[in-house]
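Asker: sequence and computational prediction follow.
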Amino acid sequence: MIHSQRSFEGAILIDHRASPGTADVPEGKMFESALHVCNHCQRNVILNPDRSVPLYHCPKCQRYICRACGALYHRTNECFTIMELVDACGEGQLEAVLAKRRSLL
Ligand SMILES: [Zn+2]
Ligand SMILES: [Zn+2]
């Protein structure tokens with residue numbers, strides 16, 4: 001099954017035009033950004049429009065991943081997707097896959 005990156009994209013909109021605001025989105029500002037789900041741990045990954053935060057992209061599963069998973073990939077060169085765990089569960093291989101992951105961490 002082939003999906004484009006965009007089909008996974010959601011959006012985040014923070015509207016502080018009528019609120020005291022926060023450090024990230026001060027009073028009177030709106031913040032809008034594309035949102036991806038990390039393909040490894042399913043956390044949300046916000047794609048900053050100004051790209052001040054580097055994006056992590058896993059070359060093995062060809063999807064965006066979060067910072068923590070990006071750092072892990074950098075260290076282990078292993079693609080740990082959540083689907084791998086789901087598949088392993090169905091095949092009764094969960095313990096084997098978890099043991100393999102632990103040995104790499
Ligand atoms: Zn992640
Ligand atoms: Zn991956």
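Answerer: Arrived safely, thanks for sending. Ligands and ions are numbered 1, 2, ... in the order given.
Asker: can you tell me which residues in this protein are near ligand 2?
Answerer: Residues of the chain lying close to ligand 2 by C-beta under 5 Å from the ion are 58, 60-61, 79. For every residue, glycine as well, the C-beta is placed using N, CA and C.
Asker: recalculate using a threshold of 8 Å.
Answerer: With C-beta under 8 Å from the ion as the criterion, the chain meets ligand 2 at residues 39-40, 58-63, 65, 69, 73, 79-81.
Asker: mind giving me the packing neighbours of the lowest-mean-pLDDT helix or strand in the chain?
Answerer: In the chain, no helix or strand scores lower on mean pLDDT, DSSP states H and E than strand 44-47, which sits at a mean of 80. Packing partners of strand 44-47 (3 or more C-beta pairs under 8 Å, 6 or more residues apart in numbering; DSSP states H and E): strand 30-37, strand 63-65.
Asker: mean confidence for the shortest one?
Answerer: Across strand 63-65, the average pLDDT comes to 89.
Asker: before we move on, the earlier item: distance between whichever helix or strand comes after the least confident helix or strand of the chain and the chain's centre?
Answerer: Next helix or strand after strand 44-47 toward the C-terminus (DSSP states H and E): strand 56-58. Counting by C-alpha atoms, centre = their mean, to the nearest Å, strand 56-58 is centred 9 Å from the centre of its parent chain.
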